[in-house]
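Visitor: Predicted coordinates and the sequence they were generated for:
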Amino acid sequence: MIRIIIHGCNGKMGKVVAKLAAESYDFKIVAGVDKNISPLDFPVYSDLKDVKEEADVVIDFSYHEAVPNLVKAALKKKLPVVIATTGLSEEELKVIGEASKEIPIFKSANMSLGVNILINLVKEAAKILQQDFDIEIIEKHHNMKKDAPSGTALMIADSINQVLNDKKEYVYGRHTKTEQRKPNELGIHAVRGGTIVGEHQVIFAGHDEVITISHSAQSREIFGYGALQAAKFIINQKPGLYTMEDLVKKG
Ligand SMILES: NC(=O)C1=CN([C@@H]2O[C@H](COP(=O)(O)OP(=O)(O)OC[C@H]3O[C@@H](n4cnc5c(N)ncnc54)[C@H](O)[C@@H]3O)[C@@H](O)[C@H]2O)C=CC1
Ligand SMILES: O=C(O)C1=N[C@H](C(=O)O)C[C@H](O)C1
């Protein structure tokens, strides 16, 4: 049985993770951390450093500003962490990078298997189509989402640049642009509305033809399930920074 602390336990994703864990014999939520300490089926604290319960791993779905404090407390407790929170700044990423020298950290802007398959497909398409096709990413999310563009859109863009030797320059929306699109641009566009769980489209637009590779999340369970699999994976790793690619490789 893997003992979990949920960081962001009173949020939409925190509640999904708690529900999925309660339905499985493999996981037990021993405590939660949230700035909103409304009671749940387990003790809830306002800071990881105050948690008294023994645990094997922390799963984080919270807010980017909360992540450095979380990571520092996990470091003191020598606890592995799964970070799903998006919108992280360069400074916050640096804190994660430093901590991963001493504890295992798993970080992915998208915990679904499908998006990680999409990334592999997009990388192949980008290699083949790089000369003659313009690439644009459109992401759509619910009206409660705070960060834009989504962490997943940025992760997809970075994976394209990884195979194209950083050739692409990101352009966020086009409302300030009054000139023609340059071939090295990679447009990234965010839509917010209603209860959309999460949609990502990667458009390869060529002369008289368009190829679209897309992923549509139909429930939050796919992210919660992925985070639990990441927790199972990370507790057996040495200190380091791990991604979905490492988990998928392990099978
Ligand atoms: N990697 C992935 O697959 C996914 C990532 N996410 C990301 O996870 C994060 C959370 O998403 P939701 O659950 O939809 O948001 P939410 O707003 O429903 O929940 C966030 C929770 O974090 C808590 N929180 C905020 N600041 C805190 C602090 N300083 N200390 C402790 N708790 C704090 C809030 O009180 C809230 O309960 C977002 O960054 C979102 O983009 C969401 C879904 C999937
Ligand atoms: O906030 C969300 O809801 C989601 N956020 C992640 C992101 O920013 O990419 C992943 C998923 O699309 C849902």
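Guide: Received, thanks. Ligands and ions are numbered 1, 2, ... in the order given.
Visitor: In stretch 19-34, which of the residues would be classed as buried?
Guide: For stretch 19-34, a neighbour-count test (16 or more other Cβ atoms under 10 Å) marks 20-21, 27-34 as buried. In this view, the C-beta of every residue, glycine as well, is placed from N, C-alpha and C.
Visitor: what residues does that stretch touch?
Guide: 1-11, 14, 17-18, 40-48, 51-55, 58, 62, 70, 221, 224-225, 228, 231-232 (Cβ atoms under 8 Å, 6 or more residues apart in numbering).
Visitor: Packing partners of the one helix or strand residue 245 maps to?
Guide: Assigned by DSSP states H and E, residue 245 falls within helix 244-250. Secondary structure elements in contact with helix 244-250, counted by 3 or more Cβ pairs under 8 Å, 6 or more residues apart in numbering; DSSP states H and E, are helix 113-129, helix 221-234.
Visitor: ok, 10 Å please
Guide: strand 104-107, helix 113-129, helix 221-234 (3 or more Cβ pairs under 10 Å, 6 or more residues apart in numbering; DSSP states H and E).
Visitor: tell me what the first one is packed against?
Guide: Judged by 3+ Cβ pairs under 10 Å, 6+ apart, the packing partners of strand 104-107 are strand 57-60, helix 67-77, strand 81-83, helix 90-99, helix 221-234, strand 240-242, helix 244-250.
Visitor: Buried residues, it. List them.
Guide: 104-107.
Visitor: Say whether ligand 1 is contacted by it.
Guide: No: residues of strand 104-107 contacting ligand 1 under Cβ under 6 Å from any ligand atom: none, with a closest distance of 8.6 Å.
Visitor: Residue 232: neighbour count?
Guide: Using other Cβ atoms under 10 Å, the number of residues around residue 232 comes to 16.
Visitor: again, but for the one 3 residues further on
Guide: Counted with other Cβ under 10 Å, the neighbours of residue 235 add up to 17.
Visitor: Only alpha carbons, please: show the helix holding residue 245 as PDB.
Guide: What follows is helix 244-250, C-alpha atoms only, in PDB (Å, rounded to 0.1, in the frame of the first residue of the first chain):
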ATOM      1  CA  MET A 244       6.300  10.800 -18.300                       C
ATOM      2  CA  GLU A 245       8.800   9.500 -20.900                       C
ATOM      3  CA  ASP A 246      10.600   7.700 -18.100                       C
ATOM      4  CA  LEU A 247       7.400   6.100 -16.800                       C
ATOM      5  CA  VAL A 248       6.300   5.100 -20.300                       C
ATOM      6  CA  LYS A 249       9.800   3.600 -21.100                       C
ATOM      7  CA  LYS A 250       9.600   1.500 -17.900                       C
END
